[in-house]
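Asks: Output the structure for:
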Amino acid sequence: GQFCFEDVKITVDGFSSVNLNIGSCATIIGIDGGTVESQSVDAGVNIPEGALSSSETISIGEVAERLPEAVDNITGFDVEEVVAFTPYSLKFSVPVEISVSTPSLGRSQESNVENLCMLEDSKDTSWEVVEGADCSNGSCTAEITSFGIYAVCTLVPDCYGDVGGAAYYDGCSNCVGGET
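Replies: Numbering: from 1, shown residues only. Model prediction:
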């Protein structure tokens with residue numbers, strides 16, 4: 001079954017706030033596999049039979065956690081919509097197919113090569129290109145063996161001049177990280 005958080009008020013004794021990802025849905029997928037499509041972002045996953053050894057609660061949606069400064073301010077990757085496939089620690093016995101799309105509004109129609117980029121989780125500090133992903137017109141599909149944070153991206157020169165580099169501007173507007 002699927003359950004969604006859309007308009008919810010939650011209070012927890014002893015806590016002044018609760019971090020809840022409104023607009024995302026979760027689906028329980030068993031060993032027979034299944035498909036999960038997000039209601040809040042343009043993304044989904046097809047989990048084949050045998051990919052899971054037990055039932056798991058799968059969620060796809062916006063990233064609820066704050067990403068590290070090195071990811072938020074990176075200059076070598078042009079990333080628009082970031083999608084969380086959770087639980088981040090989930091590993092599959094056989095590859096599963098994910099799809100991630102980004103709104104084409106505001107995207108230049110130059111001949112930029114699109115890639116699927118990923119972070120292992122919300123603490124990862126550098127984007128990696130997913131090898132073997134099929135990307136075109138703002139949409140990517142790929143076979144993966146673990147969940148994480150994914151986004152359609154274009155490699156561009158970072159503030160140090162390296163295409164796809166990891167340099168970023170810190171809070172003082174200094175180019176740091178990467179090969180600086």
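Asks: Please count neighbours and contacts with C-alpha atoms only from this point.
Replies: OK.
Asks: For residue 65, give me its contacts.
Replies: For residue 65, the contact set (C-alpha atoms under 8 Å, 6 or more residues apart in numbering) comprises residue 122.
Asks: what's the answer for residue 158, then?
Replies: With the criterion set at C-alpha under 8 Å, 6+ apart, residue 158 makes contact with 74, 75, 76, 77, 164, 165, 166, 167, 168.
Asks: From residue 78, how far off is it?
Replies: Relative to residue 78, residue 158 is positioned 10 Å away (C-alpha to C-alpha, to the nearest Å).
Asks: do residue 53 as well
Replies: In terms of C-alpha to C-alpha, residue 53 sits 36 Å off from residue 78.
Asks: quick one: low-confidence parts of this structure?
Replies: Low-confidence segments of the chain (pLDDT under 70): 1-25, 104-111, 180.
Asks: which residues in it form helices?
Replies: 69-72 (DSSP state H).
Asks: Longest strand in it, please.
Replies: strand 91-101 (DSSP state E).
Asks: Counting by contacts, list what that strand packs against.
Replies: strand 43-47, strand 139-146, strand 149-155 (3 or more C-alpha pairs under 8 Å, 6 or more residues apart in numbering; DSSP states H and E).
Asks: Save those as JSON lines, and put in distance to residue 178 and mean neighbour count too.
Replies: Below are the helices and strands packed on strand 91-101 laid out as JSON lines (distance: least, C-alpha to C-alpha, whole Å; neighbours: other C-alpha atoms under 10 Å):
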{"stretch": "strand 43-47", "distance to residue 178": "30", "mean neighbour count": "21"}
{"stretch": "strand 139-146", "distance to residue 178": "26", "mean neighbour count": "19"}
{"stretch": "strand 149-155", "distance to residue 178": "14", "mean neighbour count": "25"}
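Asks: Which one of those strands lies nearest to residue 35?
Replies: strand 43-47 (4.5 Å; C-alpha to C-alpha).
Asks: Cheers, nothing more for now.
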